[in-house]
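**Student:** any chance you could fold what I've pasted below:
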Amino acid sequence: MTPDEKADRIIKGMVATGVAAGGVPVPLLIPFMGAVAGGVVAIGTCYGVELSKRDAWKLIRQFFKAAGFVYMSALVGGQFMVWLLTPTGLGTPAAMALDAVTSAAVAYAAGTAAKHYFKGHTSQAELRAIVRGAVVEARRNLTTGRETK
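**Tutor:** Take a look at the predicted model:
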């Protein structure tokens, strides 16, 4: 199996974790982000790079900084809507669906950015395009029922 195939398998696991974390009506942000960091560490290993989870966190922050503050604020704004809808009871299913899509999109974006980063795409412009494109692709695929790559 090639490093790209291994990384793609890890990214699918990260997306599944995002969907599962969003599908549970309790806050799982800390364990979910730990899983995302673990996925970035595993992707680095596919390309011969050894990272600690602390280094993975720094790298994930770099990916999302590259995407831009306004863009990431809009993504996190979706999480705010989840927190508003959940306590209403009637809004819980919609909130869980929104949370699952947002969490999976974040996981897919982090995994995809890591894969490209370890392949040498390290400029801010490249990372911005990769993260933004991955979020859009993941949201589109998750809301239409198609599988992300």
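**Student:** centre of the chain versus the helix ranked longest in the chain, how much separation?
**Tutor:** If you go by DSSP state H, the chain has its longest helix at helix 92-118. Chain-centre distance of helix 92-118: 3 Å, with Cα atoms, centre = their mean, to the nearest Å.
**Student:** that one packs against which elements?
**Tutor:** On a contact count with 3 or more Cβ pairs under 8 Å, 6 or more residues apart in numbering; DSSP states H and E, helix 92-118 meets helix 3-22, helix 29-46, helix 53-67, helix 69-85, helix 124-144. To be clear about C-beta, it is placed using only N, CA and C from the backbone, and glycine gets the same treatment.
**Student:** any regions of the chain where pLDDT drops low?
**Tutor:** 23-30, 69-96, 145-149 (pLDDT under 70).
**Student:** need the contact list for the residue positioned nearest the centre of it.
**Tutor:** Residue closest to the average C-alpha location in the chain (Cα atoms, centre = their mean): A107, at 1.7 Å. Residues in contact with A107, defined by Cβ atoms under 8 Å, 6 or more residues apart in numbering, are I11, M14, V15, T17, G18, F32, A35, V36, G39.
**Student:** how about the fourth one, what does it touch?
**Tutor:** This points to T17. T17 touches F32, A35, V36, G39, A107, counting by Cβ under 8 Å, 6+ apart.
**Student:** the fourth one and K12 touch, don't they?
**Tutor:** No - because the distance of 10.0 Å does not satisfy Cβ atoms under 8 Å, G39 is recorded as not touching K12.
**Student:** more neighbours: which of those two?
**Tutor:** Per other Cβ atoms under 10 Å, whichever of G39 and K12 has more neighbours is G39, with 25 against 17.
**Student:** nearest residue to that one in space, please, no chain neighbours.
**Tutor:** Nearest residue to G39 in three dimensions, chain neighbours excluded: M14, at 4.1 Å (Cβ to Cβ, 6 or more residues apart in numbering).
**Student:** is it true that the one you found touches A113?
**Tutor:** No - in this structure M14 lies outside contact range of A113 using Cβ under 8 Å: 11.4 Å.
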